[in-house]
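Asks: Task: produce atomic coordinates for the following.
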Amino acid sequence: MTRQNARMRLLGPFQIVTPAGQRLRISSKRSIALLALLAMTDHCTRARTWLQSILWPNRGAPQAQASLRRELSNLLTSLEAHGMGDLLVPGRHDISLRIDRIEVDAHQLAAGLREARATLPGTFLEGLDLPDCEPFEDWLREQRAFCQQLAAYQPPESPGRHITHAVHGGPLTGTADLIARNALPLPLKPSLVILPLAGHGSARAAEIARGVTDEIELTLIRYRSMFVVASASGEALHSQGLTIPEIAQRLGVAFVLHGSLERQRKSTKVIILVSHGSDGLHLWGKSMIFESDNPLEVADQIARAVAPQVNSRIEITERERSLNSHVAEPSNYQLYWKANALFRQWNAVSTAEALALCEQLTAAEPGNSWGASMTAFCHASAFLNGWSVNREESQRLAALAYQRALASGSDDPMVLGYCAAALTMIGGDLAVADRLVSYALSLMPGHQPTLFWSGWVDLARGETGSARERFEMALRINPEASTRAYAIAGIGIARLLEGKVEEAHRMLVEALQYIPTFPIALASYAITSARVGDARGARRAALALQAADAGQIALTLQRPEHRALFTEGLALALSGGPVAGLR
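Replies: Below you'll find the predicted structure:
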């Protein structure tokens, strides 16, 4: 039998309702304030000294300590009278709220765990004021403004589901074919400066090279996952004879894009290179030949071919380098990219390590939307896969980090993508998740990471055709993306849900070569293996999933028939029996 939790209302007049449905009356304003301070804090724990400074700022330490003890004793007595004495955990140095025993409405405000509202149902802690406690009043004003901002946030409705023609210009090929003189601190995002391409052979070549440089810059600027320094700055330093490492150091960037363009008799040859700013060594290169001599046409073709590859190669390099570096005091940049690399290993240990780094980052930069959105994603992963001791807390922390991310990064496609993924994994409102990725795609229609995340949202919603289209488009835009195997797995899962079992099995076999611990892909592989007659492979995959709480995976799927397919299919795969009735 499912345990019923108490409910705390912070939006509007304060209220606590017991699991039995009785309203618990708390007359002390400071007791209410104490509960709210704990509820709106990460991990629901606060130091006693901090609580004393907020609630009794004008009293000396001994008097404040005594006041907190008395308030806590009275509050515990009231809770115990209603069978909720374990809701608060008083420690010697801190006090905690048992989040697994209570649901708080403010935690669900923007996360879509209930129907989204355009306005608050009431002011945060409506009617509660402590005029003699200025620190608490400051905190209360911040919370009210934050909740109002979240309640008002509504991403636009989806303009349409199918985007292939809009982005690609026509249908895609089949899935099988897709298979200050001082050094500036590096920004958290991968950073790049573009040097003017060297034009060789004629004045016409120099003209085309200038146009190509400008077009590549304009295209890369649209990738909000990157920080691009104006090429004019790079050109000015390059004209002074500075080397690539010197230019990178002066501009505070990690990478430098450069190259050359040569006009031949009937074609244009372009070489593009990306080098590490630290030592000038090449990271990536590409040589292309074009028949056209129209500078705008050539520039557009080159930019479209190069930009996604550069974006992806830089992202992969940053993750690899962060994992292999051992720095005593890592920068925020290093914290982010190491966390980004760790969570992609998709297991309990690496996710916990990623979360620890995210917490360091958000403590150093509370308003960093990239760090907050990754924190939400990691907590959601821990919740979905059973990787945390307290799943209710993981769900709650994911929702809170999601809200912080949206508060400061609601126009950043990368942030919106992570937020939509987190919302999907914690059982949030999939319509809200869909609006997030749709809004991100309206900002940047060809953004490969957003297309990837939107494929998973569509998959959870049961929109398998749209999911396949978006996964395929993501692969078409950037065939070498770091998420390639995950996109292939997504296509395979969509095919499984459509009853195309043999095709699904082939896709999942391909994906699992590279992501062998990805739970939902393993679950799908177990089901398809049983269906195609590989009972041993099915059982092996199902057994590997037991620690990941595979049954929880199906809860992300909105359609009952899809959830039933997973739960029943996994049970049969584990038993070694045949799996039938997939449609």
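Asks: mind listing the strands for the protein?
Replies: 6-9, 15-17, 23-24, 45-47, 88-90, 94-97, 102-104, 191-194, 198-200, 227-229, 255-263, 268-276, 282-290 (DSSP state E).
Asks: of all those strands, which lies closest to residue 68?
Replies: Residue 68 lies closest to strand 94-97 among the strands of the chain, at 8.4 Å (CB to CB). (Glycine included, C-beta is placed from N, CA and C.)
Asks: before we move on, back to that, where among the strands of the chain is average confidence lowest?
Replies: The stretch with the lowest mean pLDDT among those is strand 227-229, at a mean of 76.
Asks: helices and strands around it, which ones?
Replies: Contacts defined by 3 or more CB pairs under 8 Å, 6 or more residues apart in numbering; DSSP states H and E place strand 227-229 against strand 191-194, helix 203-221.
Asks: Output the below-cut-off pLDDT ranges for the stretch 251-400 of the chain.
Replies: Filtered on pLDDT under 70, the stretch 251-400 of the chain yields the residue ranges 293-296, 299, 303, 306-307, 327.
Asks: okay, the helices and strands packed on strand 227-229, which one's buried deepest?
Replies: strand 191-194 (a mean of 26; mean count of other CB atoms under 10 Å).
Asks: Format the CA atom coordinates belonging to it as PDB.
Replies: In PDB, the C-alpha atoms belonging to strand 191-194 read as follows (Å, rounded to 0.1, in the frame of the first residue of the first chain):
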ATOM      1  CA  SER A 191      34.800  29.600 -26.100                       C
ATOM      2  CA  LEU A 192      36.100  30.400 -29.600                       C
ATOM      3  CA  VAL A 193      37.500  33.200 -31.700                       C
ATOM      4  CA  ILE A 194      37.500  33.100 -35.500                       C
END
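Asks: now that strand: how far from the chain's centre is it?
Replies: Its chain's C-alpha centre and that of strand 191-194 lie 24 Å apart, by CA atoms, centre = their mean, to the nearest Å.
Asks: Direction included, what does it pair up with?
Replies: Strand pairing for strand 191-194, determined by DSSP bridges: strand 227-229 (parallel), strand 255-263 (parallel).
Asks: looking at those strands, which is closest to residue 565?
Replies: strand 227-229 (43.4 Å).
Asks: Give me the neighbour count for residue 305.
Replies: Per other CB atoms under 10 Å, the neighbour tally for residue 305 reads 17.
Asks: Now it. Nearest residue, chain neighbours left out?
Replies: residue 288 (6.7 Å; CB to CB, 6 or more residues apart in numbering).
Asks: so what's that neighbour up against?
Replies: Listed by CB atoms under 8 Å, 6 or more residues apart in numbering, the contact set of residue 288 reads 269, 270, 271, 272, 302, 305.
Asks: So what's the residue count around residue 277?
Replies: Residue 277 has 23 nearby residues by other CB under 10 Å.
Asks: so how far is residue 26 from the closest residue to it other than its chain neighbours?
Replies: Once flanking residues are discounted, residue 277 sits nearest to residue 248: 2.6 Å by CB to CB, 6+ apart. The gap separating residue 248 from residue 26 is 59 Å, by CB to CB, to the nearest Å.
Asks: and what of residue 254?
Replies: Taken as CB to CB, the span from residue 254 to residue 26 is 53 Å.
Asks: can you check residue 321 too?
Replies: For residue 321, the distance to residue 26 (CB to CB) stands at 53 Å.
Asks: before we move on, what about residue 38?
Replies: 14 Å.
Asks: between those two, who's got more neighbours?
Replies: For residue 38 and residue 26, the more surrounded residue by other CB under 10 Å is residue 38, and the numbers stand at 23 against 18.
Asks: burial measure for the residue lying closest to that one once chain neighbours are set aside, as a count.
Replies: Once flanking residues are discounted, residue 38 sits nearest to residue 97: 4.0 Å by CB to CB, 6+ apart. Neighbourhood size, residue 97 [other CB under 10 Å]: 24.
Asks: Same question for the one 10 residues further on.
Replies: Per other CB under 10 Å, the neighbour tally for residue 107 reads 23.
Asks: pretty sure it contacts residue 399?
Replies: Yes - in this structure, residue 107 is within contact of residue 399 by CB atoms under 8 Å, at 5.1 Å.
Asks: ok, the closest residue in space to residue 511 that isn't next to it in sequence - contacts?
Replies: For residue 511, ignoring the flanking residues on the chain, the nearest one in space by CB to CB, 6+ apart is residue 489 at 3.8 Å. Counting by CB under 8 Å, 6+ apart, residue 489 touches 507, 508, 511, 512, 515, 518, 520, 521, 524.
Asks: Bridged to the residue nearest to residue 38, which residues?
Replies: Taking DSSP bridges as the rule, residue 97 bridges to residue 88.
Asks: let's number from 6 now, not from 1
Replies: Right, with 6 as the first residue, what we last looked at is residue 102.
Asks: For it, give me its contacts.
Replies: With contact set as CB under 8 Å, 6+ apart, residue 102 has these partners: 40, 43, 44, 49, 50, 92, 93, 94.
Asks: The stretch 356-505 of the chain: helices as residue ranges?
Replies: Here the stretch 356-505 of the chain has its helices, by DSSP state H, counting those that start in this stretch, at 374-390, 396-414, 418-430, 435-448, 453-466, 469-482, 489-502.
Asks: no wait, the stretch 106-255 of the chain
Replies: Under DSSP H, counting those that start in this stretch, the stretch 106-255 of the chain gives helices at 139-157, 169-173, 208-226, 236-244, 249-256.
Asks: ok so, going back, looking at the contacts of residue 494, state which has the most neighbours.
Replies: Neighbour counts for the contacts of residue 494, by other CB under 10 Å, peak at residue 529, which reaches 31 neighbours.
Asks: Confirm for me that it is in contact with residue 498.
Replies: Yes - counting by CB under 8 Å, residue 498 is a contact partner of residue 529 at 4.9 Å.
Asks: which residues do those two both contact?
Replies: In contact with both residue 529 and residue 498: 509, 513, using CB under 8 Å, 6+ apart.
Asks: ok and the helix with the most length in the chain relative to strand 260-268, angle-wise?
Replies: When the chain is parsed with DSSP state H, its longest helix is helix 300-329. Inter-element angle recorded for helix 300-329 and strand 260-268: 150 degrees (by axes from the mean of the first three to the mean of the last three CA atoms, to 10 degrees).
Asks: same for helix 300-329, what does it pack against?
Replies: For helix 300-329, the packing partners by 3+ CB pairs under 8 Å, 6+ apart are helix 208-226, strand 273-281, strand 287-295, helix 337-348, helix 453-466.
Asks: same thing but at 10 Å, please
Replies: strand 196-199, helix 208-226, strand 260-268, strand 273-281, strand 287-295, helix 337-348, helix 453-466, helix 469-482 (3 or more CB pairs under 10 Å, 6 or more residues apart in numbering; DSSP states H and E).
Asks: Just send those back as CSV, with distance to residue 12 too.
Replies: Converted to CSV, the helices and strands packed on helix 300-329 look like this (distance: least, CB to CB, whole Å):
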stretch, distance to residue 12
strand 196-199, 46
helix 208-226, 47
strand 260-268, 51
strand 273-281, 54
strand 287-295, 53
helix 337-348, 32
helix 453-466, 27
helix 469-482, 35
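Asks: between the contacts of residue 102, which has the most around it?
Replies: In the contacts of residue 102, the most neighbours by other CB under 10 Å go to residue 92, 25 neighbours.
Asks: So that one is in contact with residue 81, correct?
Replies: Yes - judged on CB atoms under 10 Å, residue 92 makes contact with residue 81 at a distance of 8.7 Å.
Asks: Buried only: go through the contacts of residue 293 for me.
Replies: 274, 275, 277, 307, 310 (16 or more other CB atoms under 10 Å).
Asks: Can you report how many residues lie near the nearest residue to the first one once chain neighbours are set aside?
Replies: Of all residues beyond its chain neighbours, the one nearest residue 274 is residue 267 (4.7 Å), with distances taken as CB to CB, 6+ apart. Counted with other CB under 10 Å, the burial measure for residue 267 works out to 18 neighbours.
Asks: Would you mind measuring from residue 267 to residue 307?
Replies: 13 Å.
Asks: Give me the common contacts of these two.
Replies: Common contacts of residue 267 and residue 307 (CB atoms under 10 Å, 6 or more residues apart in numbering): 213, 273, 275.
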